[in-house]
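Asks: Could you look at this predicted model? Sequence included:
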Amino acid sequence: MSKLLLLEDDISLVDGLGYSLEKNGFEWEVARTVKEALHCLQRGDRYDLLLLDVTLPDGTGYEVCEAVRKRGDSTPIIFLTASDEEVSIIRGLDCGGDDYITKPFRLGELCSRIRALLRRAGMPSGEGMSDKEKENVILCGGLRIDLFASRVLLDGRPVDLTGAEYRLLCLLARNAGRTVTRERILQELWDDGGNYVDDNTVSVYVRRLREKLEKDPSHPKHLFTVRGFGYQWKEEG
């Protein structure tokens, strides 16, 4: 049974979320302030996923996410945000979040996102992989992806990516030179063919990848948009 930490100060929302999480087979613990959440994390308890509200009485969920990532912890993180503005989404992704969901949301949608992230989080672990598969490396021009270590190098320099950015880059690099449709991206990276994912989500992830991988994101040489279809990774522009 996966154990989740829920950071949320709205008691009425906590009650509904708790019921839904238990019904879907999750064990959970709640923290109602940033201080309380940090205490739960510092005492050494193991959580398989964090659900972080953005606005708390003593700070923000971003602070908790940054503290977790600073210590090298790759636990999947979903932000619960009352704003669907792009600036809020980007802030969450920038500080290390893997996904976000905008309030009000359907409980089925949230549980779907949780299950997807828990499965994806197990992908780089090496469990169930052959020795040959563990040694797999994607080479594409100056891009090098070590699938076993989940490490990305571009022209010899390390690139720090969130889990979602990493998975999207792997999908594009495996299909270098070919257009990957938005539908396929949603199908392979999210549950239910992306039924619960805002159309803006893929665009945000692509933009963040460009900012981390391209020298001039406004004039990309690797990650191209194929209008009306999807995206394509090229070895050279």
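Replies: Sure, I can see it. Numbering: from 1, shown residues only.
Asks: Val153 pairs with what?
Replies: Heads up, residue 153 is Leu, not Val. Arg144, Pro158 (DSSP bridges).
Asks: and it, how many residues sit next to it?
Replies: 14 (other Cβ atoms under 10 Å). For glycine as for every other residue, the C-beta is placed from the backbone atoms N, C-alpha and C.
Asks: residues in contact with it?
Replies: Leu143, Arg144, Ile145, Asp146, Val159 (Cβ atoms under 8 Å, 6 or more residues apart in numbering).
Asks: any idea how far stretch 139-157 is from the chain center?
Replies: In terms of Cα atoms, centre = their mean, to the nearest Å, the centre of stretch 139-157 is found 19 Å from the chain centre.
Asks: Between the two ends of that stretch, what distance do you get?
Replies: Stretch 139-157 stretches 14 Å from its first residue to its last (Cα to Cα, to the nearest Å).
Asks: Can you mark which positions in that stretch are buried?
Replies: The neighbour-count check on stretch 139-157 (16 or more other Cβ atoms under 10 Å) flags Cys140, Leu143, Arg144, Ile145, Leu147, Ser150, Val152, Leu154 as buried.
Asks: ok, now which ones touch the second one?
Replies: Pointing back at Leu143 there. Contacts of Leu143 by Cβ under 8 Å, 6+ apart are Val152, Leu153, Leu154, Ala173, Leu213, His222, Trp233, Glu235.
Asks: run the last query once more with 10 Å
Replies: For Leu143, the contacting residues are 152-155, 159, 169, 172-173, 176, 213, 222, 233, 235, by Cβ atoms under 10 Å, 6 or more residues apart in numbering.
Asks: from those, which is closest to Leu117?
Replies: Nearest to Leu117 out of those is Leu169 (Cβ to Cβ; 16.9 Å).
Asks: Let's see the pLDDT reported for that closest one.
Replies: Among the per-residue scores, Leu169 shows a pLDDT of 91.
Asks: Same question for the one 10 residues further on.
Replies: pLDDT for Thr179: 91.
Asks: what about it, distance to Glu36?
Replies: In this structure, Thr179 and Glu36 are 47 Å apart, going by Cβ to Cβ, to the nearest Å.
Asks: got it, and Arg43?
Replies: Arg43 is 11 Å from Glu36, by Cβ to Cβ.
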